[in-house]
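> Dropping the sequence and predicted coords here.
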Amino acid sequence: MEYSFRERDVLIRALTHKSHPAEQTTPEPVAKTTASDNEQLEFFGDAILGFLVSEALFERFPAYSEGKLSKLKSWLVSATYLHTVAEELHLGDALRLGRGEEMSGGRGKKAILANALEAVLAAVYLDGGMDAARAFVRGRILPQGAWDFEVSLPTALTDFKSALQEKAQACGLPQPKYVIVAERGPEHAKTFTVEVRVGKDKASRADGISKKDAGQRAAERMLDLIASL
């Protein structure tokens with residue numbers, strides 16, 4: 001799926017890492033400084049991606065249980081998977097980075113590329129609407145061809161809680177502790193927020209359509225946090 005932006009500013013913003021405007025000595029025009037980096041777009045794109053992936057899975061696998069669908073979704077929205085997609089799209093080549101981030105290999109960093117891909121999805125939605133965003137997700141982000149739970153789900157990419165437990169043990173850190181910190185929405189469509197803590201000073205939160213999904217996503221973020229230390 002190829003998409004041509006009508007408003008280039010929203011694409012430029014989606015490709016702008018926070019390190020870029022932080023190093024600018026000359027302010028950009030007012031119209032472009034209202035939101036000068038892609039963090040808000042990444043936040044918005046994460047929500048759009050979650051919905052569109054859930055929609056696609058619901059349509060493609062009508063016989064799958066909620067547990068299977070949640071695991072597939074966790075894989076497809078994970079930073080590890082999105083990083084792979086971003087690399088296939090050569091997204092790193094188009095990023096606007098500060099010099100410091102550039103010198104430290106920012107164009108290849110998993111979190112930066114995954115977040116930028118979500119920001120680009122939000123930009124597609126804002127520029128072209130939901131149909132354009134749906135086409136982008138199904139044409140560029142979801143695996144192409146035949147795939148299903150049994151053959152397409154790498155355990156290492158979905159069982160983040162087990163991976164975090166092993167990582168903590170290997171690093172001599174306390175074992176992770178999970179707490180449900182929020183529940184929102186009606187009974188049939190709840191969103192859960194789970195926090196995972198490793199010791200006193202390391203914490204990460206994530207949302208999910210189930211407690212298990214939120215816990216897995218929180219564990220994934222904690223793995224990224226520990227890896228960046």
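Good, I have the coordinates.

> What ranges does the chain have for its strands?
Remark: strands assigned in the chain by DSSP state E are 177-184, 191-197, 203-208.

> Select from those strands the stretch with the lowest mean pLDDT.
Of all the strands of the chain, mean pLDDT reaches its minimum on strand 203-208 (a mean of 91).

> Listing partners with orientation, what would you give for that one?
Taking DSSP bridges as the criterion, strand 203-208 sits next to strand 191-197 (antiparallel) in its sheet.

> Show me the contact partners of the strand it pairs with.
The contact list for strand 191-197 (C-beta atoms under 8 Å, 6 or more residues apart in numbering) reads 164, 176-185, 203-211, 213-215, 217-219, 222. Yep, even glycine has a C-beta here, placed from its N, CA and C like the rest.

> go again using 6 Å as the cut-off
Contacts to strand 191-197, defined as C-beta atoms under 6 Å, 6 or more residues apart in numbering, come from residues 176-185, 203-205, 207-208, 211, 214-215, 218-219, 222.

> can you give me how far that strand is from the chain middle?
16 Å (C-alpha atoms, centre = their mean, to the nearest Å).

> How about stretch 94-109?
On C-alpha atoms, centre = their mean, the centre of stretch 94-109 falls 18 Å from the chain's centre.

> before we move on, back to that, list only buried entries from the contacts of strand 191-197.
176, 178, 203-205, 207-208, 214-215, 218-219, 222 (16 or more other C-beta atoms under 10 Å).

> give me phi/psi at A63?
Per-residue torsions, A63: phi -100, psi -10 (degrees, to the nearest 10).

> Look up how far R138 lies from it.
20 Å (C-beta to C-beta, to the nearest Å).

> which of these two has more neighbours?
A count of neighbours by other C-beta atoms under 10 Å puts R138 above the other of A63 and R138, at 15 against 5.

> Please name the nearest non-neighbouring residue to that one.
Leaving aside its sequence neighbours, R138 sits nearest to A56 (C-beta to C-beta, 6 or more residues apart in numbering; 6.2 Å).

> What count of nearby residues applies to that neighbour?
A count of nearby residues for A56, using other C-beta under 10 Å, gives 18.

> per-domain residue ranges of the protein.
The chain breaks down by automatic domain parsing into domains covering 1-153, 159-229.

> Select the longest helix from this structure.
Longest helix in the chain, counting residues (DSSP state H): helix 39-60.

> on contacts alone, who are the packing partners of that one?
The elements that helix 39-60 packs onto, with contact taken as 3 or more C-beta pairs under 6 Å, 6 or more residues apart in numbering; DSSP states H and E, are helix 66-76, helix 110-128.

> So which of these is nearest H17?
With C-beta to C-beta as the measure, helix 110-128 is the member of those nearest H17 (6.1 Å).

> Contacts for that closest one next, please.
With C-beta under 6 Å, 6+ apart as the criterion, helix 110-128 contacts 3, 5-7, 10-11, 14, 38, 41-42, 44-46, 48-49, 79, 82-83, 86, 91-92, 106, 132-133, 136, 224.

> Can you tell me which of these are buried?
3, 5, 10-11, 14, 38, 41-42, 44-46, 48-49, 79, 82-83, 86, 91-92, 106, 132-133, 136, 224.
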